[in-house]
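Engineer: here is a sequence with its predicted model. Questions after.
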Amino acid sequence: MSVQGPQQVLELARVSRTFGEGATAVAALRDVDLTISAGEFVAVMGPSGSGKSSLLALAGGLDLPTSGDVFVESTPLAGLGLNELARLRRRAVGYVFQDFNLVPTLTAAENVALPLELDGTGAKKAHRQALDALRQVGMPELADRFMDQMSGGQQQRVAIARAIVGERRLILADEPTGALDSTTGQGVMEVLRGRADAGAAVMLVTHEARHAAWADRVVFLRDGRIVDQAAAMHDPTMLLTQAGL
Ligand SMILES: Nc1ncnc2c1ncn2[C@@H]1O[C@H](COP(=O)(O)OP(=O)(O)OP(=O)(O)O)[C@@H](O)[C@H]1O
């Protein structure tokens, strides 16, 4: 399924995010400029606490910057009301959370179909698209299982299926392979690469150089600033050196 729309899917313009005030304030992000185009897969690397999760949260409209602007498909997020922001997130943004955020009382297929149904897609079509997404992450046979009948790795793949379902233009993934063995983790990278190749913008936070090697570009964060950007090299040790890891 191809994903079409404006060329520039995500833009962060001089974005800063500070938590707290005064002497105890923490600058999680400082003056970050970043643009991701349709079809582009960007990996974000950097030491713990460098601002990677904060960056993803701002890109997905889950948090708002202290200063600067975030645009998703040319729409400034700051100008949206809460309902409009929620609608844009459901329609345009697929988010893989570190802790999955799945609904335990729903089956895998119901979890994946949920954002589509909330957005007005009919139940049958939503179910069909959910099965397709579950197939892409290699789990079509587990569609009717509830979350407490699944391993951590299986739940993680449900979370990934929910992020890629439908025609999301922006896919944001925070360490989406933590609970997966390396073969399955590789499969998830193939799925993300495939979504980018179909026209989505993909941003992946990862500590793993072999996963960053799937990206078109790697952004390195340190102390809340982008310190370097590089075309992804297929030399993992080089990536680790650059990331200071
Ligand atoms: N809700 C919050 N309240 C206060 N400080 C926060 C909050 N969220 C993040 N921070 C701080 O902002 C900085 C950046 O955190 P962030 O989680 O974005 O880093 P990270 O690179 O994702 O780290 P990790 O790799 O450990 O997940 C850290 O110093 C963190 O303590």
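Structural biologist: Received it, and whenever you're ready, just let me know what you need. Residues are numbered from 1 along each chain as shown.

Engineer: backbone dihedrals for residue 172, please?
Structural biologist: Dihedral angles of residue 172 (phi, psi; degrees, to the nearest 10) stand at phi -120, psi 120.

Engineer: quick one: residues contacting it.
Structural biologist: Residue 172 makes contacts with 56, 59, 60, 93, 94, 95, 96, 163, 202, 203, as judged by C-beta atoms under 8 Å, 6 or more residues apart in numbering. Every C-beta, even on glycine, is put in place using the N, C-alpha and C of the backbone.

Engineer: quick one: the helices in the protein?
Structural biologist: 52-59, 82-92, 108-118, 123-136, 152-164, 182-197, 209-212, 236-243 (DSSP state H).

Engineer: returning to what we had before: which ones among the contacts of residue 172 map onto strands?
Structural biologist: Residues of these located in strands (DSSP state E): 93, 94, 95, 96, 202, 203.

Engineer: neighbour-wise, which of the contacts of residue 172 leads?
Structural biologist: Ranked by neighbour count under the definition other C-beta atoms under 10 Å, these are headed by residue 202 with 30 neighbours.

Engineer: could you list every residue that touches that residue?
Structural biologist: In this structure, residue 202 makes contact with 36, 40-42, 170-173, 192-193, 195-196, 215, judged by C-beta under 8 Å, 6+ apart.

Engineer: any idea how far residue 109 is from residue 147?
Structural biologist: 12 Å (C-beta to C-beta, to the nearest Å).

Engineer: how about residue 50: what's its closest non-neighbour residue?
Structural biologist: In space, not counting the residues next to it along the chain, residue 50 is nearest to residue 221; the distance is 4.2 Å by C-beta to C-beta, 6 or more residues apart in numbering.

Engineer: contacts for stretch 24-31 next, please.
Structural biologist: Under the contact criterion C-beta under 8 Å, 6+ apart, stretch 24-31 has outside partners 14-20, 51, 54-55, 58, 65, 68, 223-225.

Engineer: where does the prediction get shaky in the chain?
Structural biologist: Judged against pLDDT under 70, the low-scoring parts of the chain cover residues 1-6, 232-245.

Engineer: and the residue nearest the centre of it?
Structural biologist: Centroid-nearest residue in the chain, with C-alpha atoms, centre = their mean: residue 172, separated by 1.1 Å.

Engineer: mind checking how far it is from the ligand?
Structural biologist: Using C-beta to the nearest ligand atom, to the nearest Å, one obtains 12 Å as the distance from residue 172 to the ligand.

Engineer: okay, and the beta partners of that residue?
Structural biologist: When bridges are taken as DSSP bridges, the partners of residue 172 come out as residue 95, residue 203.
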